[in-house]
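Peer 1: Build me a model:
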Amino acid sequence: DPDAAADLSHYRSYFHLSACTIASKCLRIVNQSGQTSPLPAKNASWAVEESLDLDMVSAICPNCHILLVEASGDSTVSLGTAEDTAIRLGARYVSNSWSSVEYFGQDSDDSYFDHPGVVQTFAAGDNDYAPAYPADLQTVTSVGGTTLKHASNSRGWTETVWGTATGGEGTAGGCSAFEPKPSWQLADDSYPDGCLNRTQNDVSADADPYTGALVYDTFDQSPAGFSEIGGTSEATPIVTAVYALAGTPEAGTYPAEYPYLHAKDLFDVTSGVDGVCETFRQYLCHGEKGYDGPTGLGTPDGTAAFTVGTTHLVTVLDPGVQDLASGSSVTLMITGLDTSHATALQWTATGLPGGLAIHAVSNSTDAEVTGTLPATPGTFDVTVTAKDGSVTGSTHFTIVNLPSLAAPNPPSGHVTLTSKTSLCLDGGTDASGQAVTVQACSAASAAGQDWQYVAIRQVADTGTLEIAGECLTVANTSAQKASLASCDGSYLQQWTDLGDGSFWSPGTGGCLTAAASAGSRVTGSDCTFGNSQTWNLPAGPLVVGGSLCLDNTTGTTVKVEACDYSDQPADSGQLWALEGSGEVRSSSGLCLASTSLLALTSLTLESCNANKMRQIWEPGPSGELQTIAENSAENDFNMCLADPASGGAGTTARQDQCYGYEGEIWGLN
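Peer 2: Just a heads-up that it's a prediction; the model follows:
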């Protein structure tokens with residue numbers, strides 16, 4: 001925003017606030033590297049966001065100094081770099097009026113938003129009920145929105161959830177599909193009527209554009225000058241500035257925890273709705289007494305809820321559900337914080353499976369859980385406690401010790417390029433050392449084209465592509481050429497389904513690639529998710545719990561039944577083809593589909609249509625199969641294919657919140 005400084009000066013003058021200028025060093029404007037030039041390209045829509053932030057911070061905390069860090073672009077990496085720069089330059093209260101849909105792999109960016117002793121607030125979003133990243137992280141404060149109106153009560157104001165019962169525009173919030181629950185968020189930690197993952201939001205403030213705030217912005221605006229602006233982009237700097245008024249955050253804390261220590265010092269928002277949520281957990285989309293999703297614990301009533309106060313606090317972060325293969329070795333870091341600045345904490349754990357133990361990390365307040373899991377599968381509810389003198393902190397999480405999810409003899413068939421299904425993966429004579437190419441498809445049983453995709457024992461949607469006892473192997477060289485070799489379990493023979501038909505090699509970091517012309521050599525190359533890297537696999541079973549399979553024998557009912565490999569590869573209700581489009585296609589030619597945005601609803605089979613988001617299933621890093629159901633142009637719901645009984649044959653398959661329990665982890669064969 002090239003007019004940011006001038007517009008802020010006008011706003012503050014208009015409302016009789018003291019000047020805050022670059023010359024007086026009250027205001028600094030830098031790029032994401034922390035330099036005053038060059039600043040990023042001009043952008044009218046982001047200029048409005050910047051003016052809104054600067055004006056709201058000025059309104060709530062007129063004596064605050066302001067550092068505006070302008071990112072080079074709107075990627076998480078650019079914005080995250082700007083975040084780190086703000087903190088490096090001394091900011092202790094960082095307001096972020098942006099968010100994104102949740103996505104697999106988002107945790108690779110978490111380090112930008114993990115700064116103990118620093119307030120990091122994020123807007124929940126403005127497209128009604130659904131979670132968002134990075135507001136969904138337990139290390140940040142997620143800010144929802146209200147409708148704020150004058151009233152004839154003692155306060156002089158009344159607040160409701162910003163939104164409508166049918167959705168559309170309103171505060172976002174909800175149950176995260178990916179992020180673990182903060183150890184301090186205890187109001188809704190029961191199944192199924194609560195959210196076992198991180199729940200958004202924590203607190204809230206005015207966000208309804210019709211009850212919004214006056215903001216001054218002149219850059220490329222028509223009309224230029226004052227306008228009424230809302231959104232959780234308004235609420236977020238309001239809350240951030242209240243944190244600033246409350247005083248410097250305590251080292252060794254996440255300020256997101258503070259409101260949970262002082263909930264009585266917030267205005268509780270008890271009415272209003274921001275969309276449609278499950279009937280058994282209406283608090284996720286309705287304002288209710290106490291904690292609720294849209295507004296969290298409530299809105300600021302002074303500053304008391306935004307400081308740790310004099311409390312000696314030991315905090316332990318939840319590492320989330322751990323899906324691990326039985327017999328595997330484990331190294332799991334547990335983060336601990338202490339406001340007394342102790343150099344170490346005393347750690348204990350209950351519920352750990354045999355073979356695992358917890359110990360303190362040297363020169364740190366953290367701990368590690370290490371050891372080897374037993375061979376016998378099982379689910380273990382673990383409590384970890386850290387102690388400093390008489391003060392303790394704890395968290396709870398689950399370790400799922402999973403059985404092998406490989407079918408004993410998966411069916412075989414063609415592996416084809418999705419963009420040109422007449423071209424098949426071809427192993428030539430099927431001999432060790434044979435180059436792998438794509439060739440015109442012949443009979444599936446012919447030499448060179450009769451492939452199996454076999455899940456390996458480790459947890460994740462990872463398997464081997466095998467033919468006649470040989471494995472597709474990529475060379476760990478710059479050319480990454482593929483050939484056949486004796487199966488040895490190495491990373492160069494493993495292929496992980498990234499979704500939409502792309503297969504990634506953990507050995508080279510490249511994706512399985514071939515040009516769309518007969519005779520082309522198959523290689524690994526940088527993942528682009530384009531036509532040359534999108535494949536259809538042969539039909540096979542989807543295994544859960546080691547011995548149960550996704551099943552459809554009649555009509556459109558989808559169940560979980562005992563695996564029956566006797567009639568494969570003949571027509572079978574337990575054969576499912578993973579299409580490059582992201583569809584899961586049954587042997588009857590119908591596609592697995594979600595019927596609702598909501599948890600604990602049944603699934604069905606229907607005519608395949610790759611343009612329907614609710615027919616697209618994305619494999620996850622621990623073995624989930626997740627569908628994305630669009631609620632609006634910006635918000636997605638991520639639900640997982642689930643065996644609700646986690647081990648009982650004959651149960652109807654459903655979609656559920658993605659918690660990572662045994663009934664949600666599938667072997668793709």
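
Peer 1: Distance from stretch 428-445 to the middle of the chain?
Peer 2: The gap between the average C-alpha position of stretch 428-445 and the chain average comes to 39 Å, counting by CA atoms, centre = their mean, to the nearest Å.

Peer 1: Give me the buried positions along it.
Peer 2: By 16 or more other CB atoms under 10 Å, the buried positions in stretch 428-445 come out as 428, 430, 434, 436, 437, 438, 439, 441. Bear in mind the C-beta positions are built from the backbone N, C-alpha and C, glycine included.

Peer 1: So the second one: helix, strand or coil?
Peer 2: By that I understand residue 430. Of the three states, residue 430 takes coil under DSSP: H, G, I helix; E, B strand; the rest coil.

Peer 1: That one is in contact with residue 468, isn't it?
Peer 2: Yes - distance between residue 430 and residue 468: 3.8 Å, which falls inside the contact criterion (CB atoms under 8 Å).

Peer 1: joint contacts of these two?
Peer 2: Jointly contacting residue 430 and residue 468 under the rule CB atoms under 8 Å, 6 or more residues apart in numbering are residue 447.

Peer 1: Roughly how far does the residue lying closest to residue 161 once chain neighbours are set aside sit from residue 144?
Peer 2: Closest residue to residue 161 apart from its sequence neighbours, by CB to CB, 6 or more residues apart in numbering: residue 272 at 2.9 Å. Relative to residue 144, residue 272 is positioned 11 Å away (CB to CB, to the nearest Å).

Peer 1: Which one's more surrounded, these two?
Peer 2: The residue with more neighbours, out of residue 272 and residue 144, is residue 144; 36 against 24, by other CB atoms under 10 Å.

Peer 1: longest helix anywhere in this protein?
Peer 2: In the chain, with assignment by DSSP state H, the single longest helix is helix 44-60.

Peer 1: Report the contact partners of residue 500.
Peer 2: Here residue 500 is in contact with 529, 534, 580, 581, 582, 616, 618 (criterion: CB under 8 Å, 6+ apart).

Peer 1: need the contact list for the residue nearest to the last one when sequence neighbours are not counted.
Peer 2: Residue nearest to residue 618 in three dimensions, not counting chain neighbours: residue 499, with 3.9 Å by CB to CB, 6+ apart. With contact set as CB under 8 Å, 6+ apart, residue 499 has these partners: 104, 582, 617, 618, 619.

Peer 1: same deal with residue 650?
Peer 2: Applying CB under 8 Å, 6+ apart to residue 650 gives the contacts 559, 560, 561.

Peer 1: Near residue 562, how many other residues are there?
Peer 2: Other residues close to residue 562 by other CB under 10 Å number 11.

Peer 1: same check, this time on residue 293
Peer 2: If you count neighbours by other CB under 10 Å, residue 293 ends up with 32.

Peer 1: same check, this time on the one 4 residues further on
Peer 2: Close neighbours of residue 297, defined as other CB under 10 Å, add up to 24.

Peer 1: Report the separation between it and residue 144.
Peer 2: As for residue 297, its distance to residue 144 is 10 Å (criterion: CB to CB).

Peer 1: which residues are common contacts for these two?
Peer 2: Counting by CB under 8 Å, 6+ apart, the common neighbours of residue 297 and residue 144 are residue 203.

Peer 1: related to what we said a few turns ago, run through the bridge partners of the residue nearest to residue 618.
Peer 2: On the basis of DSSP bridges, residue 499 takes part in beta bridges with residue 502.

Peer 1: Also residue 627?
Peer 2: Beta-bridge pairing for residue 627 (DSSP bridges): residue 617, residue 639.

Peer 1: so it makes contact with residue 617?
Peer 2: Yes - applying CB under 8 Å, one finds residue 627 in contact with residue 617, separated by 5.4 Å.

Peer 1: Of those two, which one has the most company?
Peer 2: Neighbours of residue 627 and residue 617, each counted by other CB under 10 Å, are more numerous for residue 617; the result is 26 against 23.

Peer 1: Contact partners for that one?
Peer 2: For residue 617, the contacting residues are 499, 582, 583, 584, 592, 625, 626, 627, 641, by CB under 8 Å, 6+ apart.

Peer 1: rerun that using 10 Å as the cut-off
Peer 2: Residues near residue 617 by CB atoms under 10 Å, 6 or more residues apart in numbering: 499-500, 576, 578-579, 582-584, 591-594, 624-628, 640-641, 666.

Peer 1: pLDDT at it, what is it?
Peer 2: What the model reports as pLDDT for residue 617 is 90.

Peer 1: same check, this time on residue 223
Peer 2: 88.

Peer 1: try residue 461
Peer 2: pLDDT, residue 461: 78.

Peer 1: How much space separates it from residue 384?
Peer 2: If you measure residue 461 against residue 384 using CB to CB, the figure is 29 Å.

Peer 1: quick one, strands of the stretch 51-200 of the chain?
Peer 2: 66-70, 93-96, 119-123, 141-150, 157-161, 174-180, 197-200 (DSSP state E, counting those that start in this stretch).
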